[in-house]
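Novice: Please find the sequence and the predicted model below.
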Amino acid sequence: MGKKPATYADLEALPEHVVGEIVAGELYASPRPAMRHALA
């Protein structure tokens with residue numbers, strides 16, 4: 001029996017510093033990139 005597809009709840013469970021997306025039922029996650037701010 002295969003594993004269950006990823007859900008929105010799985011995305012919500014990721015730590016704050018991790019960003020993720022679901023593609024074809026698989027959850028892909030990576031570190032959130034640092035925000036760059038520009039001064040005008």
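Specialist: Cool, the structure landed. Numbering: from 1, shown residues only.
Novice: would you list every one of the helices in this protein?
Specialist: For the chain, the helices defined by DSSP state H cover 8-12.
Novice: Quote the end-to-end distance of stretch 11-26.
Specialist: 11 Å (C-alpha to C-alpha, to the nearest Å).
Novice: Need the contact partners of that stretch.
Specialist: Applying C-beta atoms under 8 Å, 6 or more residues apart in numbering, the contact partners of stretch 11-26 are Pro5, Ala6, Thr7, Tyr8, Asp10, Leu27, Tyr28, Ala29, Ser30, Pro31, Arg32, Pro33. Just so you know, the C-beta spots here come from the backbone N, C-alpha and C atoms, and that holds for glycine as well.
Novice: In terms of pLDDT, where does Gly2 sit?
Specialist: Listed pLDDT for Gly2 reads 74.
Novice: How much space separates it from Val19?
Specialist: For Gly2, the distance to Val19 (C-beta to C-beta, to the nearest Å) stands at 26 Å.
Novice: and those two? which has more neighbours close in?
Specialist: More neighbours surround Val19 than the other of Gly2 and Val19, with 13 against 5 (other C-beta atoms under 10 Å).
Novice: what pairs with the more buried one across the strands?
Specialist: Beta bridges link Val19 to Ser30 when assigned by DSSP bridges.
Novice: do the one 4 residues further on as well
Specialist: Partner residues in beta bridges with Val23, using DSSP bridges, are Glu26.
Novice: middle-most residue in this structure, spatially?
Specialist: Note on the chain: the residue nearest the mean C-alpha position is Gly20, at 1.2 Å, using C-alpha atoms, centre = their mean.
Novice: which residues sit in contact with the residue nearest to that residue when sequence neighbours are not counted?
Specialist: If you skip the residues right next to it in sequence, Gly20 has Ala29 as its closest partner in space, 3.8 Å away by C-beta to C-beta, 6 or more residues apart in numbering. By C-beta under 8 Å, 6+ apart, the contact set of Ala29 is Leu14, Val18, Val19, Gly20.
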